[in-house]
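> Sharing a sequence plus its predicted fold:
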2 protein chains.
Amino acid sequence: MALIVQKYGGTSVGNTDRIKNVARRVAESRARGDSVVVVVSAMSGVTDGLIKLAKDIAPLPSEREMDMLLATGEQQTIALTAIALHTIGVPAVSMTGAQAGIVTDGVHTKAKIHNITPQQVHEKLKAGNVVIVAGFQGETATGQITTLGRGGSDLTAIALAAALKADLCQIYTDVDGVYTTDPRIVPTAKKLAEISYDEMLELASLGAKVMQSRSVEFAKKFGVVFEVRSSLNDNPGTIVKEETKSMEGVVVRGVALDKNQAKVTLVGVPDKPGVAAKIFKALGDATVNVDMIIQNISHGSLQTANSTPTTDISFTADKPDLLKAQKVIEGLKKEVGYREVITAEKIGKLSIVGVGMKSHTGVAGKLFETLANEGVNIDMISTSEIKISVVIDLAKGEQAVKAVHAAFIG
Amino acid sequence: MALIVQKYGGTSVGNTDRIKNVARRVAESRARGDSVVVVVSAMSGVTDGLIKLAKDIAPLPSEREMDMLLATGEQQTIALTAIALHTIGVPAVSMTGAQAGIVTDGVHTKAKIHNITPQQVHEKLKAGNVVIVAGFQGETATGQITTLGRGGSDLTAIALAAALKADLCQIYTDVDGVYTTDPRIVPTAKKLAEISYDEMLELASLGAKVMQSRSVEFAKKFGVVFEVRSSLNDNPGTIVKEETKSMEGVVVRGVALDKNQAKVTLVGVPDKPGVAAKIFKALGDATVNVDMIIQNISHGSLQTANSTPTTDISFTADKPDLLKAQKVIEGLKKEVGYREVITAEKIGKLSIVGVGMKSHTGVAGKLFETLANEGVNIDMISTSEIKISVVIDLAKGEQAVKAVHAAFIG
């Protein structure tokens, strides 16, 4: 008898019919003789509705009170899911994050899990129940309700799987698994049977959107093998696990396009020590999520022998942060002494990811050649051991993805 | 500096504008130098919406899970009310029933308060905060979320007022106070300046709808003087307190109509000892709230000399419990051996209440005569020291109230 943790997101529990559907799936797993812990999100739309109520009252509501408010969304779903299981004869008990023993720090709206003491979960499982745990939430050691921030329900599922030493963790979502690229762009995209944590991390952070990085990082840290699969069919999904020898045979596992980034370039920045630190510390303090950073070689010194050499610094950040980033940079005008700021919103970041890149050469060259053949100009380049990202014109993004996918994957 | 407990019901917090209005009222009390504990209900409509979701899934959802589900309604309101207080510069902290130390028994959906250990409330008050407590809910000693049943938020307020030794408990509602009868039915109905616990109890239990009996009983038991008043104006309300000498001069304090009861009659019940006990014990075990019980004289013995004499037993119960009551009665068919069951939903219970009845005679006769003059047939009668109730046809309920109010009060 295996112990399975199953997580169902907001779309999968979006209305009472879908909740009944989730109950049927859980019952099937249980009928195969497995113990099941279910983690659910708020019904889609519920959290947004609650945020709207709060914003009607105050533009910047207290984070403690937002946690108090938003934690109710998941609490509703666990009760409804338990009721749905009862009607088909499956004993089930719902638990809030606190009841399931999920203890967090006190950073409201983006709490980190400190530890899990799932004593009640164990007891109820032992008594033959399906246990349904509210995702996204926990409680501090002093009994304050907290939420875990974006992607928090995935994190709940993976952390519970680790704490319960579950045999399997299944993340049910509205896609069949992780694809080699977005099937809406490339119809020949293939579903991956398996992928390494590191590849998944790069894809998650690069706009593949299946899961938030922190959940994958947590799974990697605690060695939780999990499967991403659809709640709407019975197709096997994608298994995410530690890298294996065989994975290295594949050079490029996936191609991702992130349309949600903007680019900021500071032109004519004095090329002296500490300038970059000043800029990116200020951005960090303002919680601007900076992704790529490129600094070109100094060129000012070539022009006049006496002037301080200058350089250009470009970075990308999440599009919604662009305004905030611009404000920060403008505030640094005097202190840093750059010449001008150029921003671009119509950019796309195309990335190829694969652990096989570690042992294969010529991958970058092939990527750049493929893009050149398509007439796609490369604006910025950034690489890691297992990925290459390029910033290109947003308008050519999908065309580029198709060509790159065809070149590397088929 | 006084300590005031203020309770605001679902209508008073029915939307974000009303929540802001509540915050303003609380701020005014605080500006007068008082410490304030606020108890709130779910926003009107929220609880019904949640019940509808649950009933979409199962006709008889688990009571534990209903508590888990419904407790979210009040939790949302406390967060929004705290946010509204913050925006007008008033420090405020929300607390769930559990956080406020409200410990209940484990009877889900109608839990009783065992004790209150409001340590956190004291601490937060001491630090200068308004404390906002979720009404209607508590937690068992083992950490299960419970709800207190109908009128539970009033109970939370009165119990907290007792536990905190508050100087004043104000129950804010959408009416100005307690009236001699429903002003929507009888426009000449008068607001009462004060009323005794016992009169309020009879009125509450008889459908005057201002408050549930248990809250009044609790207040009586612990000597909590409270005021029922409107959250929409500054009119003084009705003070509810121990009976005084002067109250006895009034024969009939109020006329109430309860439209929320149903009647069940067991026809042909064998007239032998222990039968009634069996029936009402079973109903009690199923937590059916039985109100009036009438047993007519035995008549079966007149028909055949050998058979056990039979009788008819009628009782009334809350309409929502009717289905449950019917199930219980059907389950007893063999054991009790009655002939048939007749149910009626279209009934109304009209009552007149007054501590003055103790020392006045002829009240019942005048009531029955008034009803007869209106052509209203009396179906069941039940009396206590300070009230007389009759069950009549629902369709004639309002007409009867008008006539009785005119006859006794004017």
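All right, it came through fine. Bear in mind the structure is a predicted one, so any value in this text is a computation, not a measurement.
> Just the buried residues of the longest helix along chain A, please?
Identified as the longest helix of chain A according to DSSP state H is helix A:63-87. When burial is assessed from 16 or more other Cβ atoms under 10 Å in any protein chain shown, helix A:63-87 yields the following buried residues: A:64-86. In this view, the C-beta of every residue, glycine as well, is placed from N, C-alpha and C.
> Taking helix B:63-87 as reference, get the angle to that helix.
Inter-element angle recorded for helix A:63-87 and helix B:63-87: 160 degrees (by axes from the mean of the first three to the mean of the last three Cα atoms, to 10 degrees).
> Any part of helix A:63-87 near chain B?
Yes. Helix A:63-87 comes into contact with chain B (Cβ under 8 Å from any Cβ of the partner chain), by way of A:64-66, A:68-69, A:71-73, A:75-76, A:78-80, A:82-84, A:86-87.
> Convert the C-alpha atoms of stretch A:114-130 to PDB, please.
C-alpha atoms of stretch A:114-130 as PDB (Å, rounded to 0.1, in the frame of the first residue of the first chain):
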ATOM      1  CA  HIS A 114       9.800  26.000   9.000                       C
ATOM      2  CA  ASN A 115       8.700  22.500   9.700                       C
ATOM      3  CA  ILE A 116       5.800  20.100   9.400                       C
ATOM      4  CA  THR A 117       4.500  18.000  12.300                       C
ATOM      5  CA  PRO A 118       1.700  16.100  10.600                       C
ATOM      6  CA  GLN A 119       0.600  14.000  13.600                       C
ATOM      7  CA  GLN A 120      -3.100  14.500  12.900                       C
ATOM      8  CA  VAL A 121      -2.600  13.600   9.200                       C
ATOM      9  CA  HIS A 122      -0.900  10.400  10.300                       C
ATOM     10  CA  GLU A 123      -3.700   9.600  12.700                       C
ATOM     11  CA  LYS A 124      -6.500  10.200  10.300                       C
ATOM     12  CA  LEU A 125      -4.800   8.300   7.500                       C
ATOM     13  CA  LYS A 126      -4.300   5.400   9.900                       C
ATOM     14  CA  ALA A 127      -8.000   5.400  10.600                       C
ATOM     15  CA  GLY A 128      -8.600   4.900   6.900                       C
ATOM     16  CA  ASN A 129      -9.500   8.400   5.900                       C
ATOM     17  CA  VAL A 130      -8.500  10.400   2.900                       C
END
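> Compute the mean per-residue pLDDT across the helix or strand containing A:Met200, please.
Assignment of secondary structure by DSSP states H and E places A:Met200 within helix A:197-203. Taken as a whole, helix A:197-203 has an average pLDDT of 90.
> Return the backbone torsion pair for A:Ile294.
With angles defined as degrees, to the nearest 10, A:Ile294 sits at phi -130, psi 130.
> mind checking how far it is from chain B?
Here the criterion is Cβ to the nearest Cβ, to the nearest Å. By it, A:Ile294 lies 42 Å from chain B.
> now do A:Gly89
In terms of Cβ to the nearest Cβ, A:Gly89 sits 12 Å off from chain B.
> Up against chain B, what does chain A have?
So chain A meets chain B at A:16, A:19-20, A:50, A:53-54, A:56-58, A:61-62, A:64-66, A:68-69, A:71-73, A:75-76, A:78-80, A:82-84, A:86-87, A:93-94, A:96, A:99, A:120, A:143, A:145 (Cβ under 8 Å from any Cβ).
> where does the residue of the stretch 251-400 of chain A at minimum distance from chain B land on pLDDT?
Per Cβ to the nearest Cβ, the residue of the stretch 251-400 of chain A with the smallest distance to chain B is A:Thr287, at 21.3 Å. Model confidence at A:Thr287, given as pLDDT, is 86.
> right, and the helix or strand after the worst-scoring helix or strand of chain A on mean pLDDT?
Ranking every helix and strand in chain A by mean pLDDT, DSSP states H and E puts helix A:300-303 at the bottom, with a mean of 50. As assigned by DSSP H and E, the chain's next helix or strand after helix A:300-303 is strand A:310-318.
> And the helix or strand immediately after that following strand in the chain, what does it pack against?
Counting by DSSP H and E, the next helix or strand C-terminal to strand A:310-318 is helix A:322-331. With contacts defined as 3 or more Cβ pairs under 8 Å, 6 or more residues apart in numbering or on different chains; DSSP states H and E, helix A:322-331 has these neighbours: strand A:261-270, helix A:275-285, strand A:340-344.
> before we move on, back to that, would you mark the buried spots in the helix or strand following the helix holding A:Met200?
Once the chain leaves helix A:197-203, the next helix or strand it forms, by DSSP H and E, is helix A:213-222. Counting neighbours by 16+ other Cβ under 10 Å, one finds that the buried residues in helix A:213-222 are A:214-220.
> what sits up against whichever helix or strand comes after helix A:213-222?
Later in the chain than helix A:213-222, the nearest helix or strand by DSSP H and E is strand A:226-230. Outside strand A:226-230, the residues that touch it by Cβ atoms under 8 Å, 6 or more residues apart in numbering or on different chains are A:157-158, A:161, A:168-178, A:210-211, A:219, A:235-241.
> Make a PyMOL selection of whichever of the residues you listed turn out to be buried.
Of the contacts of strand A:226-230, the buried ones can be selected in PyMOL as follows, counting by 16+ other Cβ under 10 Å:
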select buried, chain A and resi 157+158+161+168+169+170+171+172+173+175+176+177+178+210+211+219+237+238+239+240+241
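> From B:Lys327, how far off is A:Val275?
78 Å (Cβ to Cβ, to the nearest Å).
> ok now stretch A:156-176, how far from the chain's centre?
Between the centre of stretch A:156-176 and the centre of its chain there are 15 Å (Cα atoms, centre = their mean, to the nearest Å).
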